[in-house]
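>>> need the 3D shape of this:
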Amino acid sequence: MASKGRQTWFTDIVTAALGESIMEADDVTKHATPDVLAESLPADLMSKVLQAALSSGSMTPKVILETLTPALLSAHVPHPVLWESVESVAKRAGLAEASEGGNGVGDARRRFLQVVLESGLANECVTADDVLAHATPDVLATHLPPPLKAKMLSAGLAANALNPQLIVDTLGVEDLSTHLPIRVLWSCGQQAAARSLGDADAADVGAALNKPLSPPVPTAPARAKTATGGSKTASTKTKAKTKGKSRAKSKADAQSFDEDTRVGEEAKWVADDDFEVLEEAEAVGAGDILAGDWSGDEQTDAGANLGNGRR
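Below is the predicted model:
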């Protein structure tokens, strides 16, 4: 929700804009549309608007604003929407482009901007830093008349300091609004409004415009609950039993592997004994071959002759 100070500031801004004919009734309703009003106005206030229209026999922006005063607009219509209407008329009035300084007495735009700054400072929406951010030393030196510059210097010497708050307090908003360029004055108000509206409730604005600010975030489907506690316990026991069987099987396999390894080792020793016996048998066989060497050669020659004869 808007702060009380900003609500009062916006009331004064809209009142001054309408009073100086910078803003017309339809400038408000172009932004505070029927959708915005339908979302923002409470039932009793909406009833008054409808009753006024029925009594006059017409439904016009002027009739609506006869019921919805600036104070009621500021209390119920989202402030970003109201500020859009103010910026729209400010652009039309050339507040951002006007650069002339000098004597601005009698200028409706300057009177409006004076209210913007005075009310903003009084309601703590505008700060001296906002003013001096645009009313720089160059601007002050160029556009202030000598008496005001002397007044500013005297105040600084007396305080042994010079800061934005001292300058604003010494010169006053009326003199600043009279002599500084219009675009500088408007920029001070714009900066303050942008900062103040930075903490505006965006959800209220989106609801008033009847448009979602962002797509809804999808929610994950709810996980199915276990039918009964007993079935969950049974499932847990089954898992534990299966796990126990797996462990028992692994242990049995390990034991079987150990037994096979021992049996394999015994077979290895037996095989080694057989190898020794085989070595003795091979030695005996070698003697037999030596003894029968010649007969083997004769048989080989005979076999070779027989093969040649067949060819």
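
>>> using PDB, write down the CA coordinates of stretch 39-46.
Provided in PDB are the C-alpha atoms of stretch 39-46 (Å, rounded to 0.1, in the frame of the first residue of the first chain):
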ATOM      1  CA  GLU A  39     -10.900  -3.100  -9.400                       C
ATOM      2  CA  SER A  40      -9.900  -0.200  -7.200                       C
ATOM      3  CA  LEU A  41     -13.000   1.500  -5.900                       C
ATOM      4  CA  PRO A  42     -14.900   0.100  -2.900                       C
ATOM      5  CA  ALA A  43     -18.600  -0.600  -3.400                       C
ATOM      6  CA  ASP A  44     -19.800   2.500  -1.600                       C
ATOM      7  CA  LEU A  45     -17.700   4.800  -3.700                       C
ATOM      8  CA  MET A  46     -18.700   3.000  -6.900                       C
END
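
>>> what's the helix or strand for residue 36?
Using DSSP states H and E, residue 36 maps to helix 34-40.

>>> after that helix comes which helix or strand?
helix 43-56.

>>> mind giving me the packing neighbours of the helix holding residue 36?
helix 43-56, helix 202-208 (3 or more CB pairs under 8 Å, 6 or more residues apart in numbering; DSSP states H and E). C-betas here are computed from N, CA, C, even on glycine.

>>> just give me the lowest mean pLDDT stretch among those helices.
Ranked by mean pLDDT, those end with helix 202-208 at the bottom, a mean of 41.

>>> hmm, back to that, for the helix holding residue 36, buried residues please.
36, 37, 39, 40 (16 or more other CB atoms under 10 Å).

>>> and which of the residues you listed is nearest residue 109?
Using CB to CB, residue 36 comes nearest to residue 109 of the buried residues of helix 34-40, at 27.2 Å.

>>> right, and the closest one touches residue 82 too?
No. Assessed by CB atoms under 8 Å, residue 36 is found out of contact with residue 82, at 10.0 Å.

>>> setting the sequence-adjacent residues aside, check what's closest to residue 10.
Distance criterion CB to CB, 6 or more residues apart in numbering; nearest residue to residue 10, sequence neighbours excluded, is residue 74 at 4.3 Å.

>>> residues contacting the one you found?
2, 7, 8, 10, 11, 14, 82 (CB atoms under 8 Å, 6 or more residues apart in numbering).

>>> and it, which helix or strand is it part of?
Using DSSP H and E, residue 74 falls in helix 70-76.

>>> sort out which residues of the helix or strand following that helix are buried, please.
As assigned by DSSP H and E, the chain's next helix or strand after helix 70-76 is helix 79-92. By neighbour count with 16+ other CB under 10 Å, helix 79-92 contains the buried residues 79, 80, 81, 82, 83, 85, 86, 87, 89, 90.
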